[in-house]
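> Here is a sequence with its predicted model. Questions after.
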Amino acid sequence: ETGVTQTPRHLVMGMTNKKSLKCEQHLGHNAMYWYKQSAKKPLELMFVYSLEERVENNSVPSRFSPECPNSSHLFLHLHTLQPEDSALYLCASSLTTVTSTDTQYFGPGTRLTVL
Amino acid sequence: KQEVTQIPAALSVPEGENLVLNCSFTDSAIYNLQWFRQDPGKGLTSLLLIQSSQREQTSGRLNASLDKSSGRSTLYIAASQPGDSATYLCAVKAAGNKLTFGGGTRVLVKP
């Protein structure tokens, strides 16, 4: 088990619901990431946070809203999603965003299904 | 825009055979390349990280090579075991610790 945990592990929601995904890292890292893994598509970076500041927003629709209250926690707030948003959402953390030797450590992911 | 391609998309071998997984990338301006393993329904586990100045990295039965000029990396897994069955992903890192992933190679090692 890695030092990155995600809850819930599975989530089914309707298009009008509002839900949140939670990620927590116990590694003392300063950078956290959200990725989306859809069927038949490569893993895509969504957001990057460094020291609680968003440093990357990879053209993600506004129905996905990230929040990083501190360096150990990262949330992804979801509202009015579409069925094509169904995917595995992975959280990762690394010591920094600038050092080329930093490895990203991944959580187990949240399997999201939008009905 | 960096693009990462992994061939083949799926691979099935009998136990004991060596595995060869290929990864290619279009922009050679990378900091490093990583190989990850993903088991069904789980997150990614880092296997090997090769810096852009290195040619290869080894860990146990795993060996990864990097030819930055040609935009290629190969992951070799010696004497495969059923426990090696998983999806293997390669990712290249550019500025800002941004990883670009390939589509993965799904490996099945038959006992």
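Yep, it's here.
> C-alpha from now on. contacts and neighbour counts both.
Fine.
> tell me which helix or strand of chain A sits lowest on mean pLDDT?
Within chain A, no helix or strand scores below strand A:53-57, which has a mean of 80 by mean pLDDT, DSSP states H and E.
> helix, strand or coil for residue A:16?
Assigned by DSSP: H, G, I helix; E, B strand; the rest coil, the conformation of residue A:16 is coil.
> quick revisit: just the CA coordinates of the least confident helix or strand of chain A, formatted as CSV?
What follows is strand A:53-57, C-alpha atoms only, in CSV (Å, rounded to 0.1, in the frame of the first residue of the first chain):
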residue,chain,number,x,y,z
GLU,A,53,-1.3,26.7,-5.0
ARG,A,54,-2.7,25.5,-8.3
VAL,A,55,0.2,25.6,-10.9
GLU,A,56,-1.4,23.6,-13.7
ASN,A,57,-4.9,23.4,-15.1
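> Report all helices and strands that it contacts.
Judged by 3 or more Cα pairs under 8 Å, 6 or more residues apart in numbering or on different chains; DSSP states H and E, strand A:53-57 is in contact with strand A:44-50.
> what angle do the strand it packs on and strand A:53-57 make?
Angle, strand A:44-50 to strand A:53-57, by axes from the mean of the first three to the mean of the last three Cα atoms, to 10 degrees: 160 degrees.
> What residues does chain B have near chain A?
Residues of chain B found near chain A (Cα under 8 Å from any Cα of the partner chain) are B:31-32, B:41-46, B:49, B:51, B:93, B:95-104.
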